[in-house]
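A.B. asks: 3D, please:
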Amino acid sequence: MGVYRLLRWILRFVVSVFFRQVEVVGGEHVPPEGGGPLIFAGNHPNSLLDPVLILVTCGRIVHFAAKDVLFKGRLLRPILRHLGAVPVARKSDHGDGPQDNRASFDRLAEVLGEGRAMGIFPEGLSHDDSQLSRLKTGAARIALDVAARRGVPVKIIPCGLNYIRRKRFRSRVLVQYGPPIVIGKELCATFAGDEHEAVHQLTAEVDRAMRALTVNAPDWPTLRVLDAVRRLYQPPGISLADRVELARRFNDVFPKVREQPEVAAIYTRVEEYLERLHVLGLSDGDLRRQMGAGETLSRIARQVALGCVWLPLAAPGIVLHAPLGLFIGWAGLRLTPRKDVIATTKLVLGLLLLPLLFAASLAGVWWRLGPLYAVAAVALLVLSGFATLRVLERGARLGRILAASVRAFALGDEVAALRIERAALEELVVRAVEKFKPADMVALFPRPPT
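C.D. replies: Numbers count the residues shown, from 1 in each chain. The predicted structure follows:
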């Protein structure tokens with residue numbers, strides 16, 4: 001397991017670079033290593049990044065079920081082997097005929113029988129839909145087989161992966177672990193008598209648990225409007241976990257009340273509000289950032305000052321890092337057949353090209369100046385790369401402040417009208433939440449209407 005731990009450390013470092021924030025909630029639900037067999041069952045919105053995030057945040061050694069075509073790559077195959085991944089054949093990769101995965105499932109059952117942990121994505125395929133796909137039954141079958149036939153108690157840990165701008169470098173992600181689903185004696189007895197019914201029951205329970213940790217909407221336009229409703233309702237400065245929970249609640253309750261005339265009217269009005277913002281090139285955040293001239297200048301000065309602190313450190317390597325970053329961003333959009341693998345493509349390209357860049361720099365300086373200078377040059381590149389991230393982030397924040405200030409000045413009347421509309425919508429949303437909130441749902445942020 002030494003190689004596994006080394007790879008996990010490397011992946012943890014890569015994740016910390018790729019994401020600006022990784023917030024983990026519910027880690028207390030995961031028993032520590034040696035705490036018995038576990039199955040991590042997660043949603044699958046972002047290809048290879050999904051298992052990586054579970055692997056580096058759960059605190060357990062996890063053997064993931066992975067599609068067998070990934071093992072064909074000479075570079076990826078040894079990494080997957082050292083991480084303990086188990087190849088599984090999928091119909092989508094090998095045609096519509098039945099696939100024989102008995103050996104793979106036996107291997108995963110063996111992992112559980114030894115008291116270890118496995119990971120699986122019951123949706124089967126990574127996707128970019130606005131909600132969970134229908135779950136496959138593999139996770140339930142493996143859990144029931146081990147619990148019933150081997151007499152080993154098994155727990156399924158539902159996982160929710162919620163990405164904020166999932167295709168972007170330096171975005172944020174919430175990794176949430178729910179309470180374990182314990183395979184009890186009653187379900188094992190059902191499995192012995194009626195295997196199909198037991199698998200159906202357990203899969204349905206896993207589906208409910210995963211939906212409680214993820215944001216699900218019937219389509220992307222609905223998700224967009226309800227996300228705007230969430231922003232209108234939420235107080236400023238809340239955590240990423242609270243933000244996702246609010247979004248989940250709005251998407252869960254909306255289908256039950258959407259036919260109410262008051263709710264339908266708010267929905268239509270929010271749609272129109274978003275369209276007005278889009279026409280003017282504004283975002284809801286631009287309206288929330290209502291700053292006076294003094295505060296605007298203060299924030300600009302702060303971002304410039306901090307940028308200047310990092311800029312000298314970033315300068316030595318920015319000539320190398322900037323073209324590489326631009327190429328990876330371009331390639332991530334152009335070389336991927338599906339939207340759900342864009343972020344993974346960027347991550348893989350970074351893992352491949354950045355070491356090559358450092359190796360070429362090391363070789364060049366070694367050849368010209370000698371080994372000591374070469375080691376110093378690589379150390380400087382690492383430090384400079386970190387500083388470059390800071391400079392880019394400061395530059396992005398500065399750009400948002402300046403853009404919002406310019407728009408507020410150039411579109412004064414329109415912005416003022418939209419701020420009035422936003423305040424009115426906020427009041428309507430608060431009233432609607434108080435009126436239509438389920439009686440058994442405790443308000444996350446009680447906001448009595450004024």
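A.B. asks: give the contact list for the closest residue to residue 419 other than its chain neighbours.
C.D. replies: Nearest in space to residue 419, with sequence neighbours left out and distances taken as Cβ to Cβ, 6 or more residues apart in numbering, is residue 287 at 5.4 Å. For the C-beta atoms, the positions are set from N, CA and C on the backbone; glycine is no exception. If you count contacts by Cβ atoms under 8 Å, 6 or more residues apart in numbering, residue 287 has them with 277, 415, 418-419, 422.
A.B. asks: quick check: what element follows the helix or strand harbouring residue 287 along the chain?
C.D. replies: In this structure, residue 287 sits in helix 284-288 according to DSSP states H and E. Next helix or strand after helix 284-288 toward the C-terminus (DSSP H and E): helix 293-334.
A.B. asks: helices and strands around that next one, which ones?
C.D. replies: With contacts taken as 3 or more Cβ pairs under 8 Å, 6 or more residues apart in numbering; DSSP states H and E, helix 293-334 sits against helix 342-369, helix 371-410.
A.B. asks: show me where the chain has strands.
C.D. replies: 19-25, 38-42, 62-67, 86-88, 117-120, 155-164, 171-177, 181-182 (DSSP state E).
A.B. asks: centroid residue for this structure?
C.D. replies: Nearest to the geometric centre of the chain sits residue 163, at 3.0 Å (Cα atoms, centre = their mean).
A.B. asks: which pLDDT does the model give the closest residue to residue 202 other than its chain neighbours?
C.D. replies: Nearest residue to residue 202, sequence neighbours excluded (Cβ to Cβ, 6+ apart): residue 140, at 3.9 Å. On pLDDT, residue 140 comes in at 94.
A.B. asks: what's the answer for residue 450, then?
C.D. replies: Residue 450 is given a pLDDT of 58.
A.B. asks: likewise residue 238?
C.D. replies: 90.
A.B. asks: before we move on, what about the one 10 residues further on?
C.D. replies: Model confidence at residue 248, given as pLDDT, is 96.
A.B. asks: how about it: what's its closest non-neighbour residue?
C.D. replies: Residue 248 sits nearest to residue 215 (Cβ to Cβ, 6+ apart), 5.0 Å away.
A.B. asks: and residue 26, by the same measure?
C.D. replies: Using Cβ to Cβ, 6+ apart, the closest residue to residue 26 is residue 177 (3.7 Å).
A.B. asks: do the same with residue 354
C.D. replies: Closest to residue 354 by Cβ to Cβ, 6+ apart is residue 324, at 6.9 Å.
A.B. asks: the one you found and residue 381: what is the separation?
C.D. replies: Distance from residue 324 to residue 381, counting by Cβ to Cβ, to the nearest Å: 11 Å.
A.B. asks: so what sits against both of these two?
C.D. replies: Counting by Cβ under 8 Å, 6+ apart, the shared contacts of residue 324 and residue 381 are residue 357.
A.B. asks: okay, these two: which has more neighbours?
C.D. replies: Taking other Cβ atoms under 10 Å, residue 324 and residue 381 do not tie; residue 381 has more neighbours (21 against 17).
A.B. asks: pLDDT value on the more buried one, please?
C.D. replies: For residue 381, pLDDT reads 83.
A.B. asks: what does residue 95 give?
C.D. replies: 66.
A.B. asks: one step back: buried ones only from the contacts of residue 287, please, as a ChimeraX command.
C.D. replies: This is how ChimeraX selects the buried members of those, with burial counted by 16 or more other Cβ atoms under 10 Å:
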select :277,415,418,422
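A.B. asks: lowest-confidence entry in the contacts of residue 287?
C.D. replies: residue 415 (84).
A.B. asks: that one contacts residue 282, correct?
C.D. replies: Yes: taking Cβ atoms under 8 Å as the definition, residue 415 is a contact partner of residue 282 at 7.3 Å.
A.B. asks: list the residues that contact the residue nearest to residue 248.
C.D. replies: For residue 215, counting by Cβ under 8 Å, 6+ apart, the contacting residues are 162, 223, 244, 247-248, 251.
A.B. asks: would you mind measuring from the closest residue to residue 84 other than its chain neighbours to residue 439?
C.D. replies: Distance criterion Cβ to Cβ, 6+ apart; nearest residue to residue 84, sequence neighbours excluded, is residue 63 at 4.0 Å. The span separating residue 63 from residue 439 equals 44 Å under the rule Cβ to Cβ.
A.B. asks: neighbour count winner among the two?
C.D. replies: residue 63 (21 against 4).
A.B. asks: can you pull up the bridge partners for the more buried one?
C.D. replies: Assessed by DSSP bridges, residue 63 has beta-bridge partners residue 118.
A.B. asks: how close does it sit to residue 4?
C.D. replies: 10 Å.
A.B. asks: got it, and residue 360?
C.D. replies: 29 Å.
A.B. asks: neighbour count winner among the two?
C.D. replies: residue 4 (15 against 11).
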